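Trainee: What shape does this take:
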Amino acid sequence: MPALQAGGQRFESARVHQPSPRLRLAQPQNFNNIYMEFFFGLIAVAIGVSVIWKTEGYLSFFGRVAWAERNLGVEGGSRLFYKLLGLVIIFFGFMAITGLFDGFMQGLASVLTGGASRK
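Mentor: Model (predicted):
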């Protein structure tokens with residue numbers, strides 16, 4: 001028979017009221033961090049779209065990229081470089097919005113360091 005607390009109520013162990021470890025991992029530590037990641041992700045997506053949409057303006061402001069002109073193998077390699085850069089910025093922006101950026105960077109660091117950053 002379960003033990004009774006003062007007042008005749010049944011005593012339940014603290015384990016019953018603690019969230020499972022699986023749920024605890026899914027809950028964010030800091031809700032402000034989620035909003036900041038979402039906000040910066042939206043800014044990154046907007047910048048990426050801007051770079052793709054207004055490539056000529058970025059080209060005139062920043063100039064040609066010698067590496068891109070030499071290695072991308074097309075006339076106007078700098079334009080292609082700026083468009084690809086815009087796609088990468090959009091990719092990282094969406095990863096920040098969805099909350100996948102931290103895991104992606106940890107996985108990338110693990111691959112680049114040979115697993116040194118794994119726990």
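Trainee: neighbours of the closest residue to E69 other than its chain neighbours, just the number please.
Mentor: Counting by Cβ to Cβ, 6 or more residues apart in numbering, the nearest residue to E69 once its immediate chain neighbours are dropped is G77, at 4.4 Å. C-beta here means a position set from N, CA and C on the backbone, and glycine is covered the same way. Using other Cβ atoms under 10 Å, G77 has 18 neighbouring residues.
Trainee: On the pLDDT front, check G77 for me.
Mentor: Looking at G77, its pLDDT is 90.
Trainee: Can you show me the CA trace of stretch 49-67 as CSV?
Mentor: Taking C-alpha atoms only, stretch 49-67 is exported to CSV below (Å, rounded to 0.1, in the frame of the first residue of the first chain):
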residue,chain,number,x,y,z
VAL,A,49,17.6,36.9,-51.7
SER,A,50,18.9,40.4,-52.1
VAL,A,51,22.4,39.1,-53.2
ILE,A,52,20.7,36.8,-55.8
TRP,A,53,18.2,39.3,-57.0
LYS,A,54,20.5,42.4,-57.2
THR,A,55,23.8,40.7,-58.2
GLU,A,56,24.8,43.5,-60.5
GLY,A,57,24.6,46.0,-57.6
TYR,A,58,26.7,43.8,-55.3
LEU,A,59,29.2,43.3,-58.2
SER,A,60,29.5,47.1,-58.7
PHE,A,61,29.9,47.7,-55.0
PHE,A,62,32.3,44.9,-54.1
GLY,A,63,33.9,44.4,-57.5
ARG,A,64,34.9,41.3,-59.3
VAL,A,65,36.2,38.2,-57.6
ALA,A,66,39.5,37.2,-59.3
TRP,A,67,39.3,33.6,-58.0
